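**Student:** okay, predicted coordinates and the sequence, questions at the end:
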Amino acid sequence: MGAFLFNNFYIYKMEKIDNSKGEWYLVEIIQRFEPLIRNESSDLKRAITYGNYHLIKASSPSAAYDKGEKLGKEGTYTYQSHKIEMEVVFVGIGQLLPIYEDIEDGAEILWNDFGHISQRKANRLISSKEEMLAEIKPKTW
């Protein structure tokens, strides 16, 4: 790790985050975007829902879950959209995934076990670069 002075601030360049103690987790926070005034009795109403993954440092899976829940609850807010007051609602934690490697360029941070499947099914898991790039939403803030 090197440091350099920029506008009277020391800037530290880290190439790798040590994870030898297994303190890093990915936590998926589920949020819904709903009108502030809504029918609470209807849980079948459709609303835009996101699963956002957050990198969490914690001493245990339970502590990571608790930190994720706190982040989710703190992420609730209201805003105006087309003359309708909307609310971002924390639904809960979707996934809690431990990270086993040091965090650096090229590190494996997620994996899926697809089980014993045929080559044909494995090929269906693949998308072209163009398809993947088309799915990436531009940063809007």
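**Tutor:** That came through, no problem.

**Student:** most centrally placed residue in this structure?
**Tutor:** Residue closest to the average C-alpha location in the chain (C-alpha atoms, centre = their mean): Tyr53, at 0.9 Å.

**Student:** just the strands in this protein please.
**Tutor:** Listed in chain order, the strands of the chain (DSSP state E) span 2-6, 9-13, 16-17, 24-35, 48-57, 77-81, 84-98, 103-104.

**Student:** show me the longest helix that occurs in the protein.
**Tutor:** Counting by DSSP state H, the longest helix found in the chain is helix 61-74.

**Student:** who are the packing partners of that one?
**Tutor:** Other helices and strands packing on helix 61-74, by 3 or more C-beta pairs under 8 Å, 6 or more residues apart in numbering; DSSP states H and E, are strand 24-35, strand 48-57, strand 84-98. Backbone N, C-alpha and C define where each C-beta goes, glycine included.

**Student:** in it, what counts as buried?
**Tutor:** By 16 or more other C-beta atoms under 10 Å, the buried positions in helix 61-74 come out as 64-65, 67-68, 71-72.

**Student:** likewise for stretch 35-55?
**Tutor:** Buried residues in stretch 35-55, counting neighbours by 16+ other C-beta under 10 Å, are absent.

**Student:** can you pull up the bridge partners for the residue nearest to the centre of the chain?
**Tutor:** Counting by DSSP bridges, Tyr53 forms beta bridges with Glu28.

**Student:** cool, thanks, talk later.
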